[in-house]
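Novice: sequence first, then the predicted structure:
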Amino acid sequence: MNGEGAYGGPGEGAYDGTGEDAYGTSGEGAYDGTGPAPRPAVLRPTPRPARRTALRAALGAAACTGLLAGVATADVRHADRGPEGALRIATGEPDGFYTAFGRLLADQVTTVYPRLSCEVVNSEGSVANVRLLQARRAEVALALADIAWAAYGGTAPFARRIPLRAIGRVYENYVQLAVRADATVRGVADLAGRTVSLGAPGSGGAVLGDRLLRAAGLTPGTDVQVRHLLMPGAARAMREGAIDALLVAGGVPLPVLSGLESRPGIRLLPLADLLPRLRTGPGRTGSGLEAVTVPAGAYRGTPEVATIGVANLLLCRPDLPVPVAAALTRVLVRRATRLVPTTALGTQFLDVRSLISTGVVPLHPGAVAAYRELHG
């Protein structure tokens, strides 16, 4: 695939990115990034297969409401007159949660709209994904909400405002800081004098990890040695004792941490106590962060831990054709049960009330039209 990707289909039209849409920052039900975000349900400590089954059952029940009624008929109707073209979806590391979600999304989009072809593009994560949109090397991308808001507002780690629109708020990320099970480290401040991997340089986790260390009173590079390793390298370094902790963000459980359950064995550090200090930073650095709970037994032998959650947004460029944005939105709503990675237990936001809560990043006009079509 080359170039920008051409789109056809009825009602074709590009949005020029100017002005506010009806579902923007002041729209009904929209979250503006101030105060507490909509609270996710707490994960319950039941056996892993049961938790997956329960999550899918819960989403399946939602799919039976009036909003999602008549899915099969509607899917066929929209496939008959759907848009066509090529869609690049910027995700994350190959073994990460972003990529798992991106693959499911690509599969469902091409199933419902066979004239749209989808390519999953791997990257280092949220920051890299926003830059891929900016460079026109992707049409849609996943990003942590705080990174998306920083890009939209032109604050660090971005030098200037990046025009973005959102398709929806799709699910909750759980920030997980793991240490060896036998370590004496009990909190982030205890990492002084140790080495920690904060994830790939282009990831949102790396940005948040730096803020976490500073909130705990540690200066990265001085009080604690920081490495930026991809997940496979971080897991290997943890086994070999080359690092003392690794930070990852995604659903629960994350395969990279599950692979460390037996050797060397892991424990998660509590992070929620740092939220007040994270929220006092300049600009919107603490916006969109909230306390969430990782249940006991999420990883072998681990107790319940209060950590930090941050929503993920599905972003796009403002000039994404309206029919394509609308098609993506319909897939998010109508195919919610098929968009949950099998390894994930994390809270999902795939319903209209939370999908539209994208904070300061306005919804794309095509998404607005689809949500109104589906929900009124």
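Specialist: Received the coordinates, thanks.

Novice: show the model's pLDDT score for D32.
Specialist: Model confidence at D32, given as pLDDT, is 37.

Novice: and for A237?
Specialist: 97.

Novice: tell me which element it is part of?
Specialist: Assigning secondary structure by DSSP states H and E places A237 in helix 231-240.

Novice: can you list the residues that contact that helix?
Specialist: Under the criterion C-beta atoms under 8 Å, 6 or more residues apart in numbering, residues 93, 95-96, 178, 180, 197, 199, 227, 229, 243, 246, 248, 256, 259-260, 263-264, 266 lie in contact with helix 231-240. The way it works is simple: take the backbone N, C-alpha and C, and place the C-beta from them, glycine included.

Novice: following that helix, which helix or strand comes up?
Specialist: Downstream of helix 231-240, the first helix or strand assigned by DSSP H and E is strand 245-250.

Novice: the helix or strand following that following strand: how far from the chain's middle?
Specialist: Next along the chain after strand 245-250, taking DSSP H and E as the criterion, comes helix 255-258. When distances are taken as C-alpha atoms, centre = their mean, to the nearest Å, helix 255-258 is centred 17 Å away from the chain's centroid.

Novice: rewinding a little: out of the contacts of helix 231-240, list just those in helices.
Specialist: Counted as lying in helices by DSSP state H, out of the contacts of helix 231-240, are V256.

Novice: if we can go back for a sec, by how many degrees do the helix holding A237 and strand 245-250 diverge?
Specialist: Between helix 231-240 and strand 245-250, the angle comes out at 150 degrees (axes from the mean of the first three to the mean of the last three C-alpha atoms, to 10 degrees).

Novice: report how many residues lie close to the closest residue to T219 other than its chain neighbours.
Specialist: Leaving aside its chain neighbours, T219 sits nearest to L213 (7.6 Å; criterion: C-beta to C-beta, 6 or more residues apart in numbering). By other C-beta atoms under 10 Å, the residues close to L213 number 25.

Novice: can you pull out the strands in the stretch 151-300 of the chain?
Specialist: 165-180, 195-197, 225-227, 245-250, 266-268, 289-294 (DSSP state E, counting those that start in this stretch).

Novice: any chance of the ones you listed in JSON lines, with distance to A143, mean neighbour count and mean pLDDT too?
Specialist: Converted to JSON lines, the strands of the stretch 151-300 of the chain look like this (distance: least, C-beta to C-beta, whole Å; neighbours: other C-beta atoms under 10 Å; pLDDT from 0 to 100):
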{"stretch": "strand 165-180", "distance to A143": "10", "mean neighbour count": "26", "mean pLDDT": "94"}
{"stretch": "strand 195-197", "distance to A143": "21", "mean neighbour count": "23", "mean pLDDT": "98"}
{"stretch": "strand 225-227", "distance to A143": "22", "mean neighbour count": "16", "mean pLDDT": "97"}
{"stretch": "strand 245-250", "distance to A143": "12", "mean neighbour count": "27", "mean pLDDT": "93"}
{"stretch": "strand 266-268", "distance to A143": "24", "mean neighbour count": "21", "mean pLDDT": "97"}
{"stretch": "strand 289-294", "distance to A143": "15", "mean neighbour count": "22", "mean pLDDT": "92"}
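
Novice: got CSV for those strands, with distance to A370 too?
Specialist: Formatted as CSV, the strands of the stretch 151-300 of the chain follow (distance: least, C-beta to C-beta, whole Å):
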stretch, distance to A370
strand 165-180, 9
strand 195-197, 40
strand 225-227, 42
strand 245-250, 27
strand 266-268, 38
strand 289-294, 27
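
Novice: so how far is P94 from A237?
Specialist: As defined by C-beta to C-beta, to the nearest Å, A237 lies at a distance of 18 Å from P94.

Novice: among those two, which residue is more densely surrounded?
Specialist: Between A237 and P94, counting by other C-beta under 10 Å, A237 is the more crowded of the two (17 against 13).

Novice: give the contact list for the residue nearest to A216 when sequence neighbours are not counted.
Specialist: Of all residues not flanking A216 in the chain, V188 sits nearest, at 3.8 Å (C-beta to C-beta, 6+ apart). Contacts of V188 were listed using C-beta under 8 Å, 6+ apart, and they are L177, L212, L213, A215, A216, L218, L269, L271, L274.

Novice: ok, how many other residues are close to the nearest residue to the last one once chain neighbours are set aside?
Specialist: The shortest distance from L274 to any non-neighbouring residue, by C-beta to C-beta, 6+ apart, is to A215 (4.4 Å). The number of residues packed near A215 is 22, by other C-beta under 10 Å.

Novice: contacts only, for A215.
Specialist: Contact analysis of A215 by C-beta under 8 Å, 6+ apart lists V188, L274, R277, L278.

Novice: same deal with E124?
Specialist: E124 neighbours (C-beta under 8 Å, 6+ apart): G92, E93, A200, P201, G202, S203, L230.
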